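# give me coordinates for this.
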Amino acid sequence: MLFRSIMNVSSPWLHSYLRGEISEPLVISTTGTGGAVKNIEISAPALIASANAAHKFLGAHKGDSWSLLLPTNHIAGINVLARSILLESELKKIEEKSDFTSIVPTQLYKALNGDNLLLEHLKGCKAVLVGGARLPDTLREDAVTAGINIIATYGATETCGGCVYNGIPLEGVEIQINGGIIELKVPEMNQGNWIRTNDLGEIKDGKLIVQGRADDVIISGGENVSLTLLETFLETKFPNQNFLAVGINDEKWGQSIGLLSNKELPENLSELISRELGKPYLPKTIRVMAELPTIGIGKYDRTAAARLL
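As a prediction, this is how the structure comes out:
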């Protein structure tokens, strides 16, 4: 078995794969926020079904173009290649105008904070898919204000990439909430069985609302403390700033919060958190660093972050 996940998948190879001319499977290595590595096999029918569903949602037609701004050893980049092939169009570069593209929140943040080449490219697209990690509301609002048509995607390598767009499942995709956990059924994946994620969510007014990862909750002094809730709260209070909260061992409380940020925080931070979220949410340790640790493409690495605190 050839693990194509360890190298970038080329467009000619994928073209042959989609036509059924290559028997070796496409296997992608994926790493969660906890650091565990899984190898996921992605079939040609799964890629085709995903691309067709995405194009139907977007209203894309033959000849419409995609730009490739993601590495092709990840499902998001491979999906862009597959979509371009199925639309019979050439991939565009960042310097060129494109109808569609796909990025992660980190790239969107950079576009809105000084990367003018990327910003102009995104503004010229009919739609920009943003996935791979949580998209802060403030970042999305800033993007819309800048003239970027954002579509927030939700999915995983196990679901052949994003399969829920702006809370709406793509054609053929089913969603259910089981014990508070999101489960998905995706065409041509997992033999048609439900795929259980590790994300908390709810369905409201027909749309999926992702509330954070189930393993992003720590217990501090007997209190359940949501790391995602703290991050979201801080992102709302301090736009254009990145935050990563982790659980660290604490002799007194069992666990407490460690916090990383890419910018300095105000002196009244503790007062603000204590007043609006409660004392269990007060970080015991804070570290400021220019780049927060990530794995994959834009996904924060909580395990590496904990080692830094």
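
# look up phi and psi at Leu129.
phi -80, psi 130 (degrees, to the nearest 10).

# helix/strand/coil for the closest residue in space to it that isn't next to it in sequence?
Spatially, and ignoring its direct neighbours in sequence, Leu129 is nearest to Ser102 (4.2 Å; CB to CB, 6 or more residues apart in numbering). Using the backbone N, CA and C atoms, a C-beta is placed for each residue, glycine as well. Using DSSP: H, G, I helix; E, B strand; the rest coil, the structure places Ser102 in strand.

# Ser102 and Ala76, how far apart?
5 Å (CB to CB, to the nearest Å).

# joint contacts of the two?
Residues touching both Ser102 and Ala76 (CB atoms under 8 Å, 6 or more residues apart in numbering) are 70, 131.

# ok, these two, which is more surrounded?
Ser102 (27 against 24; other CB atoms under 10 Å).

# model confidence for that one, exactly?
Reported pLDDT at Ser102 in the predicted model: 98.

# distance check, it against Val225.
Distance from Ser102 to Val225, by CB to CB: 33 Å.

# swap in Asp115?
Taking CB to CB, one finds Asp115 at 34 Å from Val225.

# looking at the two, which is more packed in?
Between Asp115 and Val225, Val225 has the larger neighbour count (other CB under 10 Å), namely 23 against 16.

# outside of whatever helix or strand that one lives in, which residues touch it?
Using DSSP states H and E, Val225 sits within strand 223-226. With CB under 8 Å, 6+ apart as the contact definition, strand 223-226 has outside contacts at 212, 216-219, 255, 257, 278, 280-281.

# which residue packs closest to Asp99, ignoring adjacent ones?
The shortest distance from Asp99 to any non-neighbouring residue, by CB to CB, 6+ apart, is to Asp64 (4.4 Å).

# tell me the secondary structure at the one you found.
Three-state assignment for Asp64 (three-state DSSP): coil.

# can you give me the neighbour number for the closest residue to Leu308 other than its chain neighbours?
Leaving aside its sequence neighbours, Leu308 sits nearest to Arg287 (CB to CB, 6+ apart; 6.2 Å). Neighbourhood size, Arg287 [other CB under 10 Å]: 14.

# and Ala290, by the same measure?
Other residues close to Ala290 by other CB under 10 Å number 6.

# with Pro266 instead?
Residues near Pro266, counting by other CB under 10 Å, number 10.

# can you pull the pLDDT of it?
Note on Pro266: pLDDT of 90.

# please list all residues in contact with it.
Leu272.

# ok, now Leu227?
By CB under 8 Å, 6+ apart, the residues touching Leu227 are 212, 216-218, 245-247, 257, 302.

# how about Trp119, what does it touch?
Slight slip there: residue 119 is Leu, not Trp. When contacts are counted by CB under 8 Å, 6+ apart, Leu119 touches 111-112, 146, 148.

# got the CA coordinates for the helix or strand harbouring it in PDB?
Per DSSP H and E, Leu119 falls inside helix 116-123. Extracted as PDB, the C-alpha positions of helix 116-123 are listed here (Å, rounded to 0.1, in the frame of the first residue of the first chain):
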ATOM      1  CA  ASN A 116      -2.400  42.600   0.700                       C
ATOM      2  CA  LEU A 117      -1.700  40.100  -2.100                       C
ATOM      3  CA  LEU A 118      -3.700  37.400  -0.400                       C
ATOM      4  CA  LEU A 119      -6.400  40.000   0.600                       C
ATOM      5  CA  GLU A 120      -6.900  41.200  -3.000                       C
ATOM      6  CA  HIS A 121      -7.100  37.600  -4.300                       C
ATOM      7  CA  LEU A 122      -9.700  36.600  -1.700                       C
ATOM      8  CA  LYS A 123     -11.800  39.700  -2.500                       C
END
